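Student: just need the structure, nothing else, for what follows:
(one chain, ligands or ions: 1)
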Amino acid sequence: MKSNKLVISLHDVSPKTQAIVTNQLEELHAIGVKRCSLLVIPDYHHQSLISLVPSFVSWLQEQADKGHEIVLHGYYHDRPPSLCDSIWKRLITEHYTAGEGEFYDLDYEQARTILKMGKAVFEEAGIDRSQLFGFIAPAWLLGKEAERALIDEGFLYTTRLHGVIDLQEQPPRFFPAQSMVYSVRSAWRRITSLVWNELLFQYATHQKWRLLRVSLHPVDWKYQFIKSHLLHSIKRALKNRTPMTYESWLRQE
Ligand SMILES: [Zn+2]
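Tutor: The predicted structure follows:
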């Protein structure tokens, strides 16, 4: 096994994105990636409760059986704007994330309730809850209170844009490793993203980062040049990195 590692996470997995995620997994498999972390949303935007879609549940279980990891990724994956939000909060939650910062400012009790709801949905769907080790907040926006709730709900790790947090240690241990991630909401973002991610990839390679993280979103697949850059980066990374899930990375770290 190569000593440097690669974790590819597929964000926003839900019945609505199942077809695209299936295609992403197939393309990754074709270039040699057989294990990814799948970030599953229990009820995407209140419209897609996974336990009500048996075909999705059986597909998800199939992916887990193949060695992919299931990660809890928020619950609804949205955050309704509040009238009392400050300008700063609005900037972060609506402009930076397009209103998806569900875990940005939850208090401890709210976060715990939502995490319990998420675990219950998996149980209801018949997916083994003991396979659920990680939680990753939508847009990586996770407040301190919510992080505490994660520990008390038994999650072993979470990630932020800049690294992975091992919640089993007290205080939680932070492993720096900025993720490659593309922003595709507008033409200028797509171009900037491409340049930025190439620079980040070069830097991580040059500095011999022990862990390279690549985050894919379903919408990345809409843009051929973004998709090509993603696959090309992963192919280059595979020359000296072993692909694995966050859970297995954490266990060997
Ligand atoms: Zn997401």
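Student: for stretch 30-39, which positions count as buried?
Tutor: 33, 35-39 (16 or more other Cβ atoms under 10 Å). C-betas here are computed from N, CA, C, even on glycine.
Student: that stretch near the ion at all?
Tutor: No. Using Cβ under 5 Å from the ion, stretch 30-39 never reaches the ion; the gap is at least 6.3 Å.
Student: that stretch: end-to-end distance?
Tutor: 21 Å (Cα to Cα, to the nearest Å).
Student: which residues touch that stretch?
Tutor: Contacts to stretch 30-39, defined as Cβ atoms under 8 Å, 6 or more residues apart in numbering, come from residues 6-13, 21, 25, 28, 60, 63, 66-73, 134, 136, 231, 234-235, 238, 243-248.
Student: with stretch 58-67 instead?
Tutor: Stretch 58-67 is contacted from outside by 13, 18, 22, 25, 34-35, 38, 40, 50, 70, 125-127, 131, 245, using Cβ under 8 Å, 6+ apart.
Student: min pLDDT across the residues you listed, which one?
Tutor: Of all those, Q131 carries the smallest pLDDT score, 82.
Student: neighbours around it, how many?
Tutor: Applying other Cβ atoms under 10 Å, we find 12 residues neighbouring Q131.
Student: relative to the ion, which residue of the stretch 101-250 of the chain is the closest?
Tutor: At 4.4 Å from the ion, P138 is the closest residue in the stretch 101-250 of the chain, using Cβ to the ion.
Student: any idea how far S130 is from that residue?
Tutor: Applying Cβ to Cβ, to the nearest Å, the value for P138 to S130 is 24 Å.
Student: just to revisit the earlier point, of the contacts of stretch 58-67, just the buried ones, ChimeraX syntax please.
Tutor: Listed next is the ChimeraX selection for buried residues among the contacts of stretch 58-67, using 16+ other Cβ under 10 Å:
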select :13,18,25,35,38,40,50,70,125,127,245
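Student: might you report the residue contacts of R160?
Tutor: Contacts of R160 (Cβ under 8 Å, 6+ apart): 140, 142.
Student: show me what the helix or strand hosting L230 is packed up against.
Tutor: For L230, the host element (DSSP states H and E) is helix 224-238. If contacts are counted by 3 or more Cβ pairs under 8 Å, 6 or more residues apart in numbering; DSSP states H and E, helix 224-238 sits against strand 4-13, helix 18-30, helix 187-206, strand 211-216.
Student: quick one: the residue of the stretch 101-250 of the chain closest to the ion from T205, how far?
Tutor: For P138, the distance to T205 (Cβ to Cβ) stands at 29 Å.
Student: what about the two, which has more around it?
Tutor: The neighbour comparison of P138 against T205 (other Cβ under 10 Å) goes to P138, with 24 against 17.
Student: correct me, but that one touches H73?
Tutor: Yes. P138 is within contact range of H73, at 6.6 Å (criterion: Cβ atoms under 8 Å).
Student: hmm, back to that, compute the inter-axis angle for the helix holding L230 and helix 18-30.
Tutor: If you take axes from the mean of the first three to the mean of the last three Cα atoms, to 10 degrees, helix 224-238 sits at 40 degrees to helix 18-30.
Student: for the next helix or strand after helix 224-238, give me every contacting residue.
Tutor: With elements assigned by DSSP H and E, the helix or strand that comes after helix 224-238 is strand 241-244. Here strand 241-244 makes contact (Cβ under 8 Å, 6+ apart) with 1-2, 4-8, 32-36, 212.
Student: if we use 7 Å, what do you get?
Tutor: Contact with strand 241-244 is made by 1-2, 4-8, 33, 35, 212, as judged by Cβ atoms under 7 Å, 6 or more residues apart in numbering.
Student: next one: stretch 187-201
Tutor: With Cβ under 7 Å, 6+ apart as the test, stretch 187-201 has contacts from 178, 180, 182-184, 223, 225-226, 229, 233.
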